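In: show me the folded form of this:
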Amino acid sequence: MSVRLSPRPLSISRAGAALDAPGAGGVALFAGRVRPDRTPTGTVVALDYEVDRSIAMRVLGELEREAVRRFHARAVVVWHRVGRVPVGEVAVIVGAACGHRSEAFDATRFLIEEVKRTVPIWKSERGRRGRRRRRSPLRPAGRSAD
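Out: Next up, the predicted model:
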């Protein structure tokens, strides 16, 4: 099992290796990259991620345990970058190794959706003409959507 918040680049191949689990017939992995979207501050050149590390690590651990409980995951990866992440680099990786492919796909979708919904990470866009906060904290558990 592996949860991580890192200022360093995330490796898709290392995440895949972390999902090597005996008896896992299905392995699913999702990686989200920073896109060069056009915004009021110009084309995005990077995203800045800020995090409340202690709360985020607790929530990530809860998500990991829930994936094991609900989807019988044998291995789980939930990694997120913090700090500045340039366009083209991976900002988040989630994945699960389960007995069957349907469980692995379901667990992976659950993980990315819950990371986006519940982990206290703030994202700001860095464009050519400045910085813009695009999303306030990714709604911590128990809060309603904006």
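
In: ranges for the helices of the chain?
Out: Applying DSSP state H to the chain gives helices spanning 12-18, 53-71, 101-118.

In: from the middle of its chain, how far away would stretch 86-100 be?
Out: 7 Å (Cα atoms, centre = their mean, to the nearest Å).

In: quick one: end-to-end distance for it.
Out: End-to-end span of stretch 86-100 (Cα to Cα, to the nearest Å): 35 Å.

In: what are the buried residues along that stretch?
Out: Neighbour-count burial for stretch 86-100 flags 90, 91, 92, 93, 94, 95, 96, 97, 98, 99 (criterion: 16 or more other Cβ atoms under 10 Å). (Glycine included, C-beta is placed from N, CA and C.)

In: quick one: residues contacting the residue lying farthest from the centre of the chain.
Out: Here the centre of the chain is the reference, and by Cα atoms, centre = their mean the most remote residue is residue 129, at 27.1 Å. By Cβ atoms under 8 Å, 6 or more residues apart in numbering, the contact set of residue 129 is 41, 42.

In: residue 43: which of the helices of the chain is closest?
Out: Nearest of the helices of the chain to residue 43, taken as Cβ to Cβ: helix 101-118 at 22.9 Å.

In: gap between the residue farthest from the centre of the chain and residue 102?
Out: With distances taken as Cβ to Cβ, to the nearest Å, residue 129 is found 45 Å from residue 102.

In: again, but for residue 94
Out: According to Cβ to Cβ, residue 94 and residue 102 sit 17 Å apart.

In: quick check: residue 80 touching residue 123?
Out: No: between residue 80 and residue 123 there is no contact under Cβ atoms under 8 Å: 10.5 Å.

In: nearest to residue 9 among the buried residues of stretch 86-100?
Out: residue 90 (7.0 Å).

In: residue 122 bridge partners, please.
Out: Using DSSP bridges, the bridge partners assigned to residue 122 are residue 50.

In: so what's the most centrally placed residue in the chain closest to, chain neighbours aside?
Out: Nearest to the centroid of the C-alpha atoms of the chain, with distances taken as Cα atoms, centre = their mean, sits residue 92, at 3.7 Å. Leaving aside its sequence neighbours, residue 92 sits nearest to residue 32 (Cβ to Cβ, 6 or more residues apart in numbering; 4.4 Å).
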